[in-house]
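**Student:** Dropping the sequence and predicted coords here.
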Amino acid sequence: MECNDTEKLLRECDAGAKMGVTSIDEILESVCDEKLKGLLQESKEHHAELGNEIHEQLRLHNTEEKDPNIMAKGMSWMKTNMKLTMDCSDATVADLLTDGCDMGTKSLHKYLNQYKAADEKSRRLCQKLIDIEETLRKDLRDYL
């Protein structure tokens with residue numbers, strides 16, 4: 001059971017880290033403020049670095065990576081483009097990313113509860129991803 005929960009939790013964290021990188025990439029060119037742009041690039045690097053740690057654990061468990069849900073990616077892309085078309089401002093960017101961080105942390109907490117038998121290493125990686133998301137959400141408050 002532990003191995004199965006560990007693999008499932010790692011796969012969900014992998015999808016979450018990838019979604020974070022993709023979301024920031026999609027929105028980065030719309031950012032005007034250089035400080036905000038730097039903040040987003042830094043967060044993107046944190047997501048990517050953690051993604052690499054998660055990939056290493058997946059490899060050790062002989063488990064394949066998981067891409068973000070295609071429907072979630074599509075809906076995120078549509079919402080982002082629609083909102084930025086109506087108001088292409090740093091406040092809109094911050095609002096969109098704040099919503100994404102909230103959805104991400106909610107999902108990750110759900111997976112931590114769902115996969116209780118996951119090993120401590122994967123649970124720490126999941127918590128680290130939650131921390132990255134919560135830090136970004138907090139840092140974005142100044143731009144709302």
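**Tutor:** Ah, there it is.

**Student:** Sticking with the spatially most central residue of the chain, tell me its helix or strand.
**Tutor:** Residue closest to the average C-alpha location in the chain (Cα atoms, centre = their mean): residue 20, at 3.2 Å. In this assignment (DSSP states H and E), residue 20 forms part of helix 2-28.

**Student:** How about the helix or strand just after that helix, which residues are buried there?
**Tutor:** Downstream of helix 2-28, the next assigned helix or strand under DSSP H and E is helix 34-60. For helix 34-60, the buried set under the neighbour-count rule, 16 or more other Cβ atoms under 10 Å, comprises 36-37, 39-40, 43-44, 46-47, 50-51, 53-54, 57-58. The C-beta positions use only the backbone N, C-alpha and C, and glycine is treated the same way.

**Student:** So which of those is the closest to residue 122?
**Tutor:** residue 57 (6.3 Å; Cβ to Cβ).
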